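Chemist: next comes the sequence, and after it the predicted model I'd like to discuss.
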Amino acid sequence: MNQAPVIFDDVFIRLNEFLSEKNYTKIFILVDSNTHEHCLPLFLGELETFQEIEIIEVPPGEESKSIEIVAQVWASLTELNVDRKSLFINLGGGMVTDMGGFIAATFKRGIDFVNVPTSLLAQVDASVGGKNGIDFAGLKNQIGTFAQPQMTLIFSEFLQTLPQRELISGLAEMMKHGLIHQKQHWNKLIQTQDFNLEILHDLTQESVKIKSEIVEKDPLESGLRKILNFGHTIAHAVESYYLETENPYLHGEAVAIGMLVESVLSFENEMISSVELDEIFYHISKIFSKELIDEAIIPDLIELMKHDKKNQNDKISFSLIDGIGNCKHDILLNENQISEGILLYNRKLNS
């Protein structure tokens, strides 16, 4: 499965050339209500095509990434007589690109789709790598496919539409890429004082390149690609636990918590030094607020972690950093080790 091209420059020229070559029968654009208002007018204004365009809108937020919403979109596509020569464009954040890719990959056994991620998080993570999916039974990304878009278009100007909280959320995945695979990228991020559009454009391109290199070597996550899960075993449990509460975490916020806990676990397994642990805590805590994990919910979080696809023999699988810039996958830990790691995380935040 070849990695889809990721376009950073002249994105609309490239898209219009692509549409002219392919001559699709219809174009469908999936948006949520936020991207419908803030991104779609600009996007439509740049399109040069005679094909019929239909807009499909879903509610914003992770709670929309469900089989119920997917079924509604499938029903709309059926009513609109979509054929296999149609194109599906996902214009939005990670929820839209994750779910839209899944919808396109499954409808009529697959129609072409293009990802146009509009959040920083989606640009550096969700839109690259061919993973598509939805949440199910209160668990993150339980149902999904591997399917590559025809292309991914990174248009930095869309970042101007983001609230500050959403922009900061995207930095977590970028920091992860540096921690697991390229110390130089980590150092650039922690030394950056002003994340303006120009700087973000360059850092995003670098971050996407790191992820793309990993994915190209292991497209179906049988080995190396598992290092991209650093921080995510804890993060997905935290995100799932709070998903239906009044104050759900954004994905990047949960990943920040996950990276800190899993850095503690890396230290406890003698894979990083205390100096490296302090460095990671200092720089992540400087960007993201300090969030203690309630000791009372640790058993619930561990129960959620047990549903992870990578677990073996009643132990929970982690990808842990082996020095800043390196990572090892398939590290199996028991419940006591995980509980102790979370408690140590709390104590370190309070110190």
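Modeler: Ah, there it is. Treat the numbers as computed from the prediction; the structure is a model and nothing was measured.

Chemist: next up, the contacts around the closest residue to K348 other than its chain neighbours.
Modeler: Excluding its sequence neighbours, the residue lying closest to K348 (C-beta to C-beta, 6 or more residues apart in numbering) is F281, at 6.1 Å. All C-beta spots, glycine's among them, are computed from the backbone N, C-alpha and C. Neighbour list for F281: L260, S263, K348, L349 [criterion: C-beta atoms under 8 Å, 6 or more residues apart in numbering].

Chemist: what's the first helix or strand after whichever strand or helix holds the first one?
Modeler: Under the criterion of DSSP states H and E, L260 resides in helix 251-268. Beyond helix 251-268 in the direction of the C-terminus, DSSP H and E gives the next helix or strand as helix 274-287.

Chemist: just the angle for whichever helix or strand comes after that next one relative to helix 251-268, thanks.
Modeler: Downstream of helix 274-287, the next assigned helix or strand under DSSP H and E is helix 298-305. Between helix 298-305 and helix 251-268, the angle comes out at 100 degrees (axes from the mean of the first three to the mean of the last three C-alpha atoms, to 10 degrees).

Chemist: list the helices and strands helix 298-305 packs on?
Modeler: Applying 3 or more C-beta pairs under 8 Å, 6 or more residues apart in numbering; DSSP states H and E, one finds that helix 298-305 contacts helix 232-242, helix 335-350.

Chemist: pLDDT (mean, whole number) over the last one?
Modeler: Averaged over helix 335-350, pLDDT sits at 97.

Chemist: packing partners for it?
Modeler: When contacts are defined as 3+ C-beta pairs under 8 Å, 6+ apart, helix 335-350 sits against helix 251-268, helix 274-287, helix 298-305.

Chemist: what sits up against the following helix or strand past the shortest one?
Modeler: To tie it back to what came earlier, the one meant is helix 298-305. Counting by DSSP H and E, the next helix or strand C-terminal to helix 298-305 is strand 316-321. For strand 316-321, the external contacting residues (C-beta under 8 Å, 6+ apart) are 179-180, 226-230, 232-233, 262-263, 265-266, 269, 271-272, 302, 305-306, 308, 310-311, 327-335, 338.

Chemist: what comes up buried for the helix or strand following strand 316-321?
Modeler: Counting by DSSP H and E, the element after strand 316-321 in chain order, helix or strand, is strand 327-333. Residues C327, K328, H329, I331, L333 are the ones in strand 327-333 that count as buried (16 or more other C-beta atoms under 10 Å).

Chemist: which elements pack onto strand 327-333?
Modeler: Using 3+ C-beta pairs under 8 Å, 6+ apart, strand 327-333 sits against helix 164-181, strand 316-321.

Chemist: can you put those in CSV and add mean pLDDT?
Modeler: CSV is the format used below for those (pLDDT from 0 to 100):
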stretch, mean pLDDT
helix 164-181, 96
strand 316-321, 96
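
Chemist: including mean neighbour count and distance to G144, could those go into TSV?
Modeler: What follows is the helices and strands packed on strand 327-333, written out as TSV (neighbours: other C-beta atoms under 10 Å; distance: least, C-beta to C-beta, whole Å):
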stretch	mean neighbour count	distance to G144
helix 164-181	23	18
strand 316-321	24	18
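
Chemist: out of these, which comes closest to N132?
Modeler: Proximity to N132 (C-beta to C-beta) singles out helix 164-181 among the helices and strands packed on strand 327-333, at 16.9 Å.

Chemist: may I have that closest one exported as CSV, CA atoms only?
Modeler: Presented in CSV, the C-alpha positions along helix 164-181 are these (Å, rounded to 0.1, in the frame of the first residue of the first chain):
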residue,chain,number,x,y,z
GLN,A,164,-5.9,28.6,20.5
ARG,A,165,-6.8,25.4,22.4
GLU,A,166,-7.2,23.5,19.1
LEU,A,167,-3.9,24.8,17.8
ILE,A,168,-2.0,23.9,20.9
SER,A,169,-3.6,20.4,20.8
GLY,A,170,-1.8,19.7,17.5
LEU,A,171,1.6,20.3,19.0
ALA,A,172,1.3,17.1,21.0
GLU,A,173,1.6,14.8,18.0
MET,A,174,4.5,16.9,16.6
MET,A,175,6.4,16.6,20.0
LYS,A,176,5.7,12.9,19.9
HIS,A,177,7.3,12.5,16.4
GLY,A,178,10.4,14.2,17.8
LEU,A,179,10.5,12.0,20.9
ILE,A,180,10.1,8.7,19.1
HIS,A,181,12.2,9.3,16.0
